[in-house]
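1. predicted model follows, preceded by the sequence.
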Amino acid sequence: MMQNPNRQIYSGPVFDMARQQFERVANHLQIPEMERDRLLYPKRAIAVSCPIHRDDGRTEVFQGYRVQHHLTLGPTKGGTRFSPSVDVGEIAALAIWMSWKCALAGLPYGGAKGGITVDPYALSPRELEALSRRYMQEMIPFVGPHTDVMAPDMGTNEQVMAWFMDTYSMYQGQTINEIVTGKPVSAGGTLGRREATGRGVAYLVARALDHLGISARAATAIVQGFGNVGSVTAYSLAERGVRIIGASDHTGAYYDPNGFDVGELQRHVAKQGQLAGFSTESLIEQSELLVQKCDILVPAAIERVITGGNVSELKCRILAEGANGPTTPEADVILNERGDKIFVLPDILCNAGGVIVSYFEWVQDLQRLFWEEAEVFDRLYQILERSFQQTIARAKRDRISHRMAATAIGVSVVQSAKRTRGLFP
Ligand SMILES: NC(=O)C1=CN([C@@H]2O[C@H](COP(=O)(O)OP(=O)(O)OC[C@H]3O[C@@H](n4cnc5c(N)ncnc54)[C@H](OP(=O)(O)O)[C@@H]3O)[C@@H](O)[C@H]2O)C=CC1
Ligand SMILES: O=C(O)CCC(=O)C(=O)O
C-alpha cells in the first residue's frame, strides 16, 4: 500500500501523542484500517507568512498556521496560539483534539487550531496588534462564520480576538462578530467566555470529588500555569472551598501547605504580568511542584508535563487536565497500571467549557440575541454533566481509562457522521 503523504507533513512529539491516542482508540473500536487515515489526518493545513514592521524599523516575517481537521459536522472551531513552540505538527494535534472534544460535547463543529510561531511577550502592544491583524488578513480566504471560527488559546486573549474580528469585518464592509469567539463583551462577546474554561474545570473537579466522597472544604489543589485557564480554575476551586497550595507560571513555582489567597496571586499577576517575585519563602523548583502531595492536580499550561519520568511520583487523587495534552501516552500507560487509581479528568472533557461557551457566543452572534450570564453557566454545566456521565459510564462498561472512553465517544461521533454522509465505503 502507498504511504499516506500526510505522515510526512505532520510530525513532532505533540502530533505523535494525538496519533498514538487515536491508534489506541481505533484499535479498541476496531475501526477498519482504511477509515483510520481519513479520521486522523486533517482536511486542510494552511501556512502563511506574516510580515510586520518592528518598532525599530526592521521588517520581520513570522510563520502562521491554521489546521482544519474535519468539516463533517459543521464549521471547524478552535483557538489561536501565539507561542515560540508553534509548528504545524503541534497545531494539527491540537486541531484533532478539538474534534474529539467538540464531538464529545455534542457541538456541531469539526476541530481546528491556529497559531503563530512567536513569543507574544517579546512584542510591543503595537507590534502585537500588527501581527494579529496581518495573521487574520492572511486567513481571510480560508475562514468564515460557517467555515472556520477562531477563538483564544495560549498567548492570545480577548483583545487579540477583537483585532481579528475587526480586521475580518473591515474586509467584508460590515461587522461580522460571529467570525471569532472569546471577544470582549463590548465587541459582541458573550458573558462568561473569559471564565468558562476554568469554571468548567472547577465544576468537573467538584463532580470528581463527589464521586470519590471527598469534601471540597477538606481538599487541596495545585495548579500549574496561571493564565486564563489556571488562574480562573484556582479562583473557582477556592470559591468552592478548596485550599490552593501550589501555583506556577513560566517564571516561578510556589508551594505553601497552608494555602494561598488566590485573589492576592491574581492581583500580583495583574500588576507584574507574572508570578515572579510573589514570595521568596514559598518558591520551589518547577519540577517539584507537580509531585507535591495534594488532592487535585491541575496542569493548565503546556503539553507533555506528565511523562514516563514523573508520573509514578504524582501524589494526587484527581488529575484535572486544564491544558491540552499535558499527559504523554507513555505516562498514561503507567497511570492506568497504578494501584492507587488517580481519577483522571482528560483534557477533551476537562477543558471543554471554553469551546462550549464559544459555541454559545457564536449562536448568540448569529441570532443577535444575547443571554444572561446565569443562562450561559446553566447550559454549560448541563453539557459538562452529560459528558462527564457518558465518559464515566463508557469507561466502566468497556473497562477502559477515562481518556480512552472520552476519546472513543468523540471518535465514534465523527466516524458515524462520516459513514452516514457516505464518505466511507
Ligand atoms: N483559553 C482557553 O479557553 C483554553 C485553553 N486551553 C488550554 O489551556 C492551556 C493554557 O491556556 P491559557 O490559559 O489560555 O493560556 P495563557 O497564555 O492565558 O496562560 C498560559 C499559562 O501557562 C504558563 N506557562 C507556560 N509555560 C509554562 C511552564 N513551562 N511551566 C509553568 N507554567 C507555564 C504561562 O506562564 P507565563 O505567562 O509566565 O509564560 C501562563 O501562566 C493550554 O494548553 C491551552 O491550549 C484549553 C481549552 C480552552
Ligand atoms: O473556544 C474555542 O473555540 C476553542 C478553545 C480551545 O482552543 C480549546 O478548547 O483548546
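-> On my side now, so go ahead. Ligands and ions are numbered 1, 2, ... in the order given.
2. how about the closest residue to ligand 2 within the chain, what does it touch?
-> As assessed by CB to the nearest ligand atom, ligand 2 sits closest to Gly79 within the chain, at 2.5 Å. From N, CA and C alone the C-beta is placed, and that goes for glycine too. Contact partners of Gly79, counting by CB atoms under 8 Å, 6 or more residues apart in numbering, are 94, 113-114, 150-154, 156, 182, 354.
3. how does it look with 6 Å?
-> 151-153 (CB atoms under 6 Å, 6 or more residues apart in numbering).
4. kindly state the beta-bridge partners for it.
-> Bridge pairing for Gly79 (DSSP bridges) gives the partners Ala151.
5. how near is it to Ala95?
-> Separation of Gly79 from Ala95 (CB to CB, to the nearest Å) stands at 10 Å.
6. cool, Asp148 as well?
-> As judged by CB to CB, Asp148 and Ala95 stand 10 Å apart.
7. okay, and the common contacts of the two?
-> With CB under 6 Å, 6+ apart as the test, Asp148 and Ala95 both reach Ala112.
8. who has more neighbours out of those two?
-> Ala95 (30 against 24; other CB atoms under 10 Å).
9. identify the residues contacting the residue nearest the centre of the chain.
-> Most central in the chain under CA atoms, centre = their mean is Asn324, positioned 4.6 Å from the mean C-alpha point. Neighbour list for Asn324: 94, 97, 347 [criterion: CB under 6 Å, 6+ apart].
10. excluding covalently adjacent residues, which one is nearest to it?
-> Spatial nearest neighbour of Asn324, chain neighbours left out: Asp347 (5.1 Å); criterion: CB to CB, 6 or more residues apart in numbering.
11. now swap in Ile334 and tell me
-> Val311 (4.8 Å).
12. what sits against the one you found?
-> 331, 334-335.
13. measure it to Thr328 for me?
-> Distance, Val311 to Thr328, by CB to CB: 8 Å.
14. what are the ranges of the strands in the stretch 51-200 of the chain?
-> Along the stretch 51-200 of the chain, the stretches classed as strands by DSSP state E, counting those that start in this stretch are 59-68, 76-83, 110-117, 148-152.
15. let's have these in CSV, adding mean pLDDT.
-> Below are the strands of the stretch 51-200 of the chain laid out as CSV (pLDDT from 0 to 100):
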stretch, mean pLDDT
strand 59-68, 98
strand 76-83, 98
strand 110-117, 98
strand 148-152, 98
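16. quick one: low-confidence ranges for the stretch 151-300 of the chain?
-> Nowhere does the stretch 151-300 of the chain drop to pLDDT under 70.
17. in it, what residue lies closest to ligand 1?
-> For the stretch 151-300 of the chain, CB to the nearest ligand atom, closest residue to ligand 1: Gly227, 1.8 Å.
18. restricted to helices, list the contacts of Val311.
-> Cross-referencing those against helices under DSSP state H gives 331, 334-335.
19. if any of the residues you listed are buried, put those into a ChimeraX selection.
-> Per 16 or more other CB atoms under 10 Å, the buried members of the ones in helices among the contacts of Val311 correspond to this ChimeraX selection:
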select :331,334,335
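20. the ones in helices among the contacts of Val311 into a markdown table, with extra columns for pLDDT and distance to Pro84?
-> As requested, those are exported to a markdown table (pLDDT from 0 to 100; distance: CB to CB, whole Å):
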| residue | pLDDT | distance to Pro84 |
| --- | --- | --- |
| Ala331 | 97 | 24 |
| Ile334 | 95 | 29 |
| Leu335 | 95 | 29 |
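21. turn the ones in helices among the contacts of Val311 into JSON lines, including distance to Ile400.
-> Shown next, in JSON lines, are the ones in helices among the contacts of Val311 (distance: CB to CB, whole Å):
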{"residue": "Ala331", "distance to Ile400": "16"}
{"residue": "Ile334", "distance to Ile400": "16"}
{"residue": "Leu335", "distance to Ile400": "13"}
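22. quick revisit: possible to save the strands of the stretch 51-200 of the chain as TSV with distance to Lys271?
-> Below are those laid out as TSV (distance: least, CB to CB, whole Å):
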stretch	distance to Lys271
strand 59-68	29
strand 76-83	22
strand 110-117	27
strand 148-152	22
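23. with distance to ligand 1 added, can I get these in TSV?
-> Compiled in TSV, the strands of the stretch 51-200 of the chain are given as follows (distance: least, CB to the nearest ligand atom, whole Å):
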stretch	distance to ligand 1
strand 59-68	14
strand 76-83	6
strand 110-117	8
strand 148-152	5
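24. which one of the ones you listed lies nearest to Cys316?
-> strand 76-83 (26.3 Å; CB to CB).
25. just the helices from the stretch 51-200 of the chain, written as ranges.
-> Per DSSP state H, counting those that start in this stretch, the stretch 51-200 of the chain carries helices over the ranges 88-105, 125-139, 158-172, 193-212.
26. swap that for the stretch 251-400 of the chain, please
-> Using DSSP H, counting those that start in this stretch, helices in the stretch 251-400 of the chain cover 262-272, 286-289, 329-337, 347-350, 353-367, 373-398.
27. out of the ones you listed, which one sits most buried?
-> helix 347-350 (a mean of 30; mean count of other CB atoms under 10 Å).
28. could you pull up the mean pLDDT of it?
-> Mean pLDDT, computed over helix 347-350, is 98.
29. from the chain's centre, how far out does it sit?
-> Centroid separation for helix 347-350 versus its chain: 8 Å, with CA atoms, centre = their mean, to the nearest Å.
30. stretch 158-175 too?
-> 23 Å.
31. next one: stretch 60-77
-> Counting by CA atoms, centre = their mean, stretch 60-77 comes out at 15 Å from the chain centroid.
32. what does that stretch contact?
-> Counting by CB under 6 Å, 6+ apart, the neighbours of stretch 60-77 from elsewhere in the structure are 42-51, 54, 88, 91-92, 95-96, 99, 108-118, 135, 139, 146-149, 417-418.
33. what about that stretch, start to end distance?
-> This stretch, stretch 60-77, spans 29 Å end to end (CA to CA, to the nearest Å).
34. stretch 40-48 now?
-> 23 Å.
35. spatially nearest residue to Ile409, not counting backbone neighbours?
-> Once flanking residues are discounted, Ile409 sits nearest to Leu104: 5.2 Å by CB to CB, 6+ apart.
36. thanks again, I'm all set now.
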